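> Need coordinates for the below:
(one chain, ligands or ions: 1)
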Amino acid sequence: MRVVVDNVEKTFIDSKKREVTALENINFSIEEQEFVVLVGPSGCGKSTLLNIVGGLLSPSKGEVYFEGKEQKNPKLGIVFQEIALLPWRNVYENVIYGLEESGASKQEQKVKGKHYIDMVGLTGFEKAFPKQLSGGMKQRAGIARALAVEPDLLLMDEPFSALDAQTRTIMQEELLTIWDRTRLSTLYVTHNIQEAVYLADRVIVLSRHPGHIKKIIKIELPKMGRDQEKYRSQFERYSQEIWSLIRHDAEEALKEA
Ligand SMILES: Nc1ncnc2c1ncn2[C@@H]1O[C@H](COP(=O)(O)OP(=O)(O)OP(=O)(O)O)[C@@H](O)[C@H]1O
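Now for the predicted structure:
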């Protein structure tokens, strides 16, 4: 599915009843089968923007259009940093949750549940409960649950930021493999520049006060295996470019923290 974010603005009323502009002049698209990453310092409006695209928040101005086969009612798969798995349901029951809600038959639940549990590498853990899973396994279950409804658009808000560095690296690799199999249009939020360059077809660099797009950078590297030695200098160049765009803002955000 193609998504067009057209002139979106978002204002909030803060605790002192002042109007705060969180996002201004936001224009971009997510093309069919494109992986778009939003990167920027704390408070630049990444989560607000993802929530607007996902219909969880409405924009104060502008619009989000969905173009494609199910343009009226896009099916969304959403993965947050803290996966809210239902603690009383096992992995299988969590993964098929959205299918149950949409009225899928038991047979369909079974086939799709098995397929996506297998895709995220959780075969054998179907009967495990969330409290028995490591952080990485919980994220895998959350990804399988998001994929099981076969969404038109995948939204991911810092899905790996609570994981340790090694697990995070593995999950990034696996996400690319999964993405390669599903080819879903994806909007992914991260603070992490390396993660953005590793995953994205295009990186949207956001800046603060108010949140606006500083630059959209196309990553002209093969989608898979960007961590190979032969791409190291190009990878570094992209990372440096993004860092130079957000460094000042990131320093300012630190002062406010
Ligand atoms: N419900 C709200 N009411 C008032 N202000 C809000 C609300 N939600 C977000 N904001 C403000 O909008 C701005 C953008 O917030 P948002 O959480 O989208 O940023 P972010 O880039 O995702 O930050 P982080 O990386 O720290 O999660 C911030 O200044 C924030 O304080």
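
> check contacts around residue 7.
25-27, 61-63 (C-beta atoms under 8 Å, 6 or more residues apart in numbering). Any C-beta I mention is one placed from the backbone N, CA and C, and that applies to glycine too.

> need the residues of the stretch 151-257 of the chain near the ligand, please.
For the stretch 151-257 of the chain, the residues in contact with the ligand (C-beta under 6 Å from any ligand atom) are 191, 211.

> May I have the secondary structure class of the most centrally placed residue in the chain?
Centroid check for the chain by C-alpha atoms, centre = their mean gives residue 156 as the closest residue, at 2.0 Å. Classification of residue 156 by DSSP: H, G, I helix; E, B strand; the rest coil places it in strand.

> Pairing partners for it in the sheet, please.
Residue 156 has these beta-bridge partners by DSSP bridges: residue 79, residue 188.

> what's the spacing between it and residue 11?
Residue 156 is 25 Å from residue 11, where distance means C-beta to C-beta, to the nearest Å.

> same question, residue 150
According to C-beta to C-beta, residue 150 and residue 11 sit 35 Å apart.

> go on, residue 110?
As judged by C-beta to C-beta, residue 110 and residue 11 stand 46 Å apart.

> helices or strands next to the strand or helix carrying residue 25 in the packing?
Counting by DSSP states H and E, the element that carries residue 25 is strand 19-30. Under the contact criterion of 3 or more C-beta pairs under 8 Å, 6 or more residues apart in numbering; DSSP states H and E, strand 19-30 touches strand 2-13, helix 46-53, strand 185-190, strand 212-218.

> got TSV for those, with mean pLDDT too?
Listed next are the helices and strands packed on strand 19-30 as TSV, based on pLDDT from 0 to 100:
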stretch	mean pLDDT
strand 2-13	95
helix 46-53	95
strand 185-190	96
strand 212-218	97
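
> Comparing these, which comes out most buried?
Highest mean neighbour count among the helices and strands packed on strand 19-30 (mean count of other C-beta atoms under 10 Å): strand 185-190, with a mean of 24.

> OK, contacts around the closest residue in space to residue 86 that isn't next to it in sequence?
Spatially, and ignoring its direct neighbours in sequence, residue 86 is nearest to residue 94 (5.8 Å; C-beta to C-beta, 6 or more residues apart in numbering). Residues in contact with residue 94 (C-beta under 8 Å, 6+ apart) are 85-86, 130, 141, 145.

> Can you name the element that comes right after the helix or strand containing residue 94?
In this structure, residue 94 sits in helix 91-95 according to DSSP H and E. The first helix or strand that comes after helix 91-95 along the chain, using DSSP H and E, is helix 97-101.

> for the stretch 51-200 of the chain, what spans make up the strands?
Using DSSP state E, counting those that start in this stretch, the strands of the stretch 51-200 of the chain run over 61-67, 76-79, 153-157, 185-190.

> ok, now which ones touch residue 254?
Taking C-beta under 8 Å, 6+ apart, one finds nothing in contact with residue 254.

> which stretches of the chain have low pLDDT?
For the chain, applying pLDDT under 70 flags the ranges 68-72, 257.

> max-length helix in it?
helix 232-256 (DSSP state H).

> Buried residues of that helix, list them for me.
Using 16 or more other C-beta atoms under 10 Å as the test for burial, helix 232-256 gives 235, 238, 242, 245-246, 249-250, 253.

> now, which of those residues sits nearest residue 171?
Using C-beta to C-beta, residue 235 comes nearest to residue 171 of these, at 18.6 Å.

> Could you measure from that closest one over to residue 191?
18 Å.

> Run through the residues that contact residue 142.
Neighbouring residues of residue 142 by C-beta under 8 Å, 6+ apart: 79-80, 83-85, 159.
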